[in-house]
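Trainee: okay, predicted coordinates and the sequence, questions at the end:
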Amino acid sequence: AEPEAEPEAEPEAEPTANTKTTEEDASAGPIADDAGAKPAEEVKDRDDEALGRVEPTLELLLPPNWASPSVDKFAFSFSRAVFDAWVVQPSPCCAAASVAGAVNAALGLSGAAGAGALSHAHIAGILHGLLVDQVAKRQATVERLLGGARLAPAIDALRAQLASEGRGLGGRKEAGCKPKEAVSRLRALCLIHARAAAGADAAATAEDVPAADAVRKSVWLALSELFPTSAQSDGAPAAEGEDTDEGQGDEDAAEDEFKTAIAEGPSSGAADGGLAARRELRLMLGKLIGTEQLSPTQARLSTAMIGNWGITGAVCALRESRFNSWEDPRLLALQTATNPAAKSLPTPTGLDADQERLAAKDLPAPLARVIEAASRLSAKTLASVRVRGIPAPPIVVSKRDSEDTIEAAWLALRSTFSRSGSALILHHKNHYALIFATREWHHYAPADGGCGDGQGRERVRQILTARKGQRPTAWIEWSEVHRTLSGWAGYAILEIVVT
């Protein structure tokens with residue numbers, strides 16, 4: 001079973017939404033480059049389909065002046081399978097697009113439009129199903145911690161309040177609502193509804209005791225007991241940081257707030273059960289927001305609420321055919337391949353052209369290949385910081401790594417990249433993207449213009465990936481990747497492999 005939250009890392013601080021990391025230039029000497037890098041405000045969180053596919057040309061793979069006398073031991077490696085298999089990311093759904101591309105690559109399938117292999121929409125349907133199951137589980141836990149009170153009236157009130165402002169839980173940027181703000185709004189709504197419930201309780205007569213008792217057990221009174229008495233009462237949502245749309249998930253933020261609250265002690269005499277309920281409520285709201293962002297009716301899919309658990313969970317769901325239990329037109333073709341009885345079901349109506357293609361009951365040959373090989377698919381974390389409570393990944397990174405350790409990690413990554421039937425996904429700076437190629441060399445600045453015994457030798461190690469979208473456009477220094485991975489347990493390199 002896939003984990004539902006990113007576990008705690010040994011003391012490595014998580015970057016906040018407002019953290020600004022200065023990206024070092026990919027240049028290292030006169031021959032390195034960062035292909036296609038643009039200022040952040042000019043880079044879209046999607047791919048431009050009009051640009052077509054990318055071929056592994058020498059112009060893309062080789063840096064300028066790679067045969068310069070100051071270059072020694074230049075080498076590069078690229079994956080033809082990944083170049084063929086990556087899928088277009090049409091919106092901020094990098095987690096879905098990267099998993100589809102990685103599975104296609106591991107199976108040797110083409111990700112080009114119309115090729116009939118896995119697309120971002122198939123994986124979005126699987127991630128949506130995972131989130132629906134997790135919402136139900138989290139909601140049951142919260143209701144149990146609230147003494148049996150049902151959350152539906154509170155969620156309905158939250159939706160109505162957002163709708164009155166032209167917003168929604170799954171909206172885009174300012175039109176959406178993050179988990180932190182959702183909790184803040186529920187807190188404010190509690191102050192209003194709990195006063196009304198308490199007033200009804202005080203006005204009750206002896207004959208009304210059963211009704212008054214029901215009011216006392218209402219969800220608003222139960223929720224009001226969770227929040228500190230110093231909570232803001234004007235209904236204004238909590239301040240939010242910079243909006244990030246690419247896969248980071250919400251589990252870690254909630255976990256950090258939970259630990260901080262325990263360390264500081266409850267501010268209103270609440271028991272640890274109240275802290276646990278608040279944490280579960282925050283996580284449930286994050287999953288609920290995720291279901292709306294990945295809904296079949298959502299025009300602009302987003303995987304902002306998906307973390308590394310979603311990458312491994314989607315592959316697990318493919319392997320175990322868990323998608324058969326979810327009602328989603330995007331999954332109908334996969335369902336008919338594993339469940340012949342599904343062919344007799346009526347095709348959903350009101351679908352657009354893309355949904356009709358996904359719901360087709362005649363499975364394309366590449367998708368049939370995915371189903372045939374699904375039982376041999378697996379996903380795991382290849383590189384990350386060491387995390388308490390779970391086995392260490394094959395490549396462990398740390399802020400305290402020496403240059404020799406960083407070099408050893410690079411060599412291990414390069415070896416895994418060359419493995420057959422394998423594809424790597426880099427989770428870095430709120431984005432998931434495939435690793436297409438690696439390259440390395442030694443750069444010298446000798447006085448005599450040649451390598452010789454000159455001084456100033458510099459080791460250059462780079463990977464080809466994408467900072468936005470899935471198109472291979474950026475050569476990123478391994479030192480930057482290592483720094484990112486060692487900065488937070490949520491960042492990692494994941495491997496999808498078919499045995």
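Mentor: Thanks, I have the structure now. Residues are numbered from 1 along each chain as shown.

Trainee: for the closest residue to Ser98 other than its chain neighbours, give its distance to Leu494.
Mentor: Leaving aside its chain neighbours, Ser98 sits nearest to Tyr432 (4.2 Å; criterion: C-beta to C-beta, 6 or more residues apart in numbering). All C-beta spots, glycine's among them, are computed from the backbone N, C-alpha and C. In this view, Tyr432 and Leu494 are 8 Å apart by C-beta to C-beta, to the nearest Å.

Trainee: okay, strands next: where are they in the protein?
Mentor: Per DSSP state E, the chain carries strands over the ranges 71-78, 377-385, 395-397, 422-427, 432-434, 437-443, 458-465, 474-477, 492-498.

Trainee: can you say which of those is packed in most?
Mentor: strand 432-434 (a mean of 30; mean count of other C-beta atoms under 10 Å).

Trainee: number of nearby residues for the nearest residue to Trp326 once chain neighbours are set aside?
Mentor: Excluding its sequence neighbours, the residue lying closest to Trp326 (C-beta to C-beta, 6+ apart) is Gly129, at 3.6 Å. For Gly129, the count of nearby residues is 24 (other C-beta atoms under 10 Å).

Trainee: ok, Gly129 - contacts?
Mentor: Contacts for Gly129 were tallied using C-beta atoms under 8 Å, 6 or more residues apart in numbering; they are Ala317, Arg322, Phe323, Ser325, Trp326, Asp328, Leu331.

Trainee: any low-confidence regions in the stretch 301-450 of the chain?
Mentor: 339-363, 446-450 (pLDDT under 70).

Trainee: what about the nearest residue to Ala379 once chain neighbours are set aside, distance to Pro391?
Mentor: Distances taken as C-beta to C-beta, 6+ apart put Val315 closest to Ala379, at 3.9 Å, once the chain neighbours are dropped. Taking C-beta to C-beta as the measure, Val315 falls 18 Å from Pro391.

Trainee: equivalent analysis for Gln293, please.
Mentor: Where Pro391 is concerned, Gln293 sits at a distance of 31 Å (C-beta to C-beta).

Trainee: looking at these two, which is more packed in?
Mentor: More crowded of Gln293 and Pro391, by other C-beta under 10 Å: Gln293, with 29 against 9.

Trainee: for Gly52, give its distance to Pro179.
Mentor: 38 Å.

Trainee: more neighbours: which of these two?
Mentor: Using other C-beta under 10 Å as the criterion, Gly52 and Pro179 rank with Pro179 on top: 23 against 11.

Trainee: quick check: Ala304 touching Pro92?
Mentor: Yes - when contacts are counted by C-beta atoms under 8 Å, Ala304 is listed as touching Pro92 (6.5 Å).

Trainee: for Leu130, give me its contacts.
Mentor: Contacts of Leu130 (C-beta under 8 Å, 6+ apart): Glu2, Gly310, Gly313, Ala314, Ala317.

Trainee: any idea what Ile476 is bridged to?
Mentor: When bridges are called by DSSP bridges, Ile476 pairs up with Ile463.

Trainee: model confidence for it, exactly?
Mentor: Per-residue pLDDT puts Ile476 at 98.

Trainee: same check on the one 5 residues further on?
Mentor: At Val481, the predicted lDDT confidence score is 98.

Trainee: how about Ala194?
Mentor: Reported pLDDT for Ala194: 71.

Trainee: separation between it and Gly147?
Mentor: From Ala194 over to Gly147 (counting by C-beta to C-beta), the distance is 15 Å.

Trainee: what does Asn430 give?
Mentor: From Asn430 over to Gly147 (counting by C-beta to C-beta), the distance is 38 Å.

Trainee: could you do Gly487 as well?
Mentor: As for Gly487, its distance to Gly147 is 41 Å (criterion: C-beta to C-beta).

Trainee: over to Ser224?
Mentor: 13 Å.

Trainee: and stretch 405-415, how far out from the chain's middle?
Mentor: 25 Å (C-alpha atoms, centre = their mean, to the nearest Å).

Trainee: hang on, I meant stretch 159-178
Mentor: 21 Å.

Trainee: and stretch 383-391, by the same measure?
Mentor: Taking mean C-alpha positions (C-alpha atoms, centre = their mean), stretch 383-391 and its chain are 18 Å apart.

Trainee: contacts only, for His428.
Mentor: Thr465, Ile476, Val481, Thr484, Leu485, Tyr491.

Trainee: which one of these is nearest Val370?
Mentor: The closest of the contacts of His428 to Val370 turns out to be Thr465 (C-beta to C-beta; 23.5 Å).

Trainee: doesn't Ile476 make contact with the closest one?
Mentor: Yes - the pair Thr465 / Ile476 is scored as a contact, 6.1 Å apart, by C-beta under 8 Å.

Trainee: give me the pLDDT for Glu49.
Mentor: Reading off the model, Glu49 has pLDDT 84.

Trainee: thought it was touching Pro90?
Mentor: Yes - the pair Glu49 and Pro90 qualifies as a contact (C-beta under 8 Å) at a distance of 7.4 Å.

Trainee: look at those two and report which has more neighbours.
Mentor: Pro90 (18 against 10).

Trainee: His120 versus that one, what's the distance?
Mentor: 7 Å.

Trainee: which neighbours do the two share?
Mentor: Shared contacts of Pro90 and His120, counting by C-beta under 8 Å, 6+ apart, come down to Leu301.

Trainee: contacting residues for Ser79?
Mentor: Taking C-beta under 8 Å, 6+ apart as the test, what Ser79 contacts is Ala105, Phe417, Ala423, Ile435, Phe436, Ala437.

Trainee: do Gln293 as well
Mentor: Gly170, Gly176, Leu301, Ser302, Thr303, Ala304, Met305.

Trainee: and the residues you listed, which is closest to Ile395?
Mentor: Of those, the one sitting nearest to Ile395 (C-beta to C-beta) turns out to be Thr303, at 24.5 Å.

Trainee: so the closest one makes contact with Leu127?
Mentor: Yes - in this structure, Thr303 is within contact of Leu127 by C-beta under 8 Å, at 6.6 Å.

Trainee: what do the two both touch?
Mentor: With C-beta under 8 Å, 6+ apart as the test, Thr303 and Leu127 both reach Ala95, Ala96, Gly290, Leu294, Gly310.

Trainee: can I get these in TSV with neighbour count and distance to Gln161?
Mentor: Formatted as TSV, those follow (neighbours: other C-beta atoms under 10 Å; distance: C-beta to C-beta, whole Å):
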residue	neighbour count	distance to Gln161
Ala95	32	29
Ala96	33	30
Gly290	28	20
Leu294	32	23
Gly310	27	28
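
Trainee: ok, so of these, who is nearest Lys73?
Mentor: The closest of the shared contacts of Thr303 and Leu127, once distances to Lys73 are taken by C-beta to C-beta, is Ala95, at 36.3 Å.

Trainee: from Arg172, how far off is the closest one?
Mentor: Ala95 is 17 Å from Arg172, by C-beta to C-beta.

Trainee: if we ignore the residues flanking it in sequence, what's nearest Gly290?
Mentor: Gly290's closest residue in space is Met305 (C-beta to C-beta, 6+ apart), at 3.2 Å.

Trainee: count the neighbours of the one you found for me.
Mentor: Neighbours of Met305 (other C-beta under 10 Å): 27.

Trainee: Trp86 contacts Gly111, doesn't it?
Mentor: Yes - at 5.2 Å, Trp86 and Gly111 qualify as touching, with contact defined as C-beta under 8 Å.

Trainee: need the residues touching each of those two.
Mentor: Common neighbours of Trp86 and Gly111 (C-beta under 8 Å, 6+ apart) are Gly101, Asn104, Ala105.
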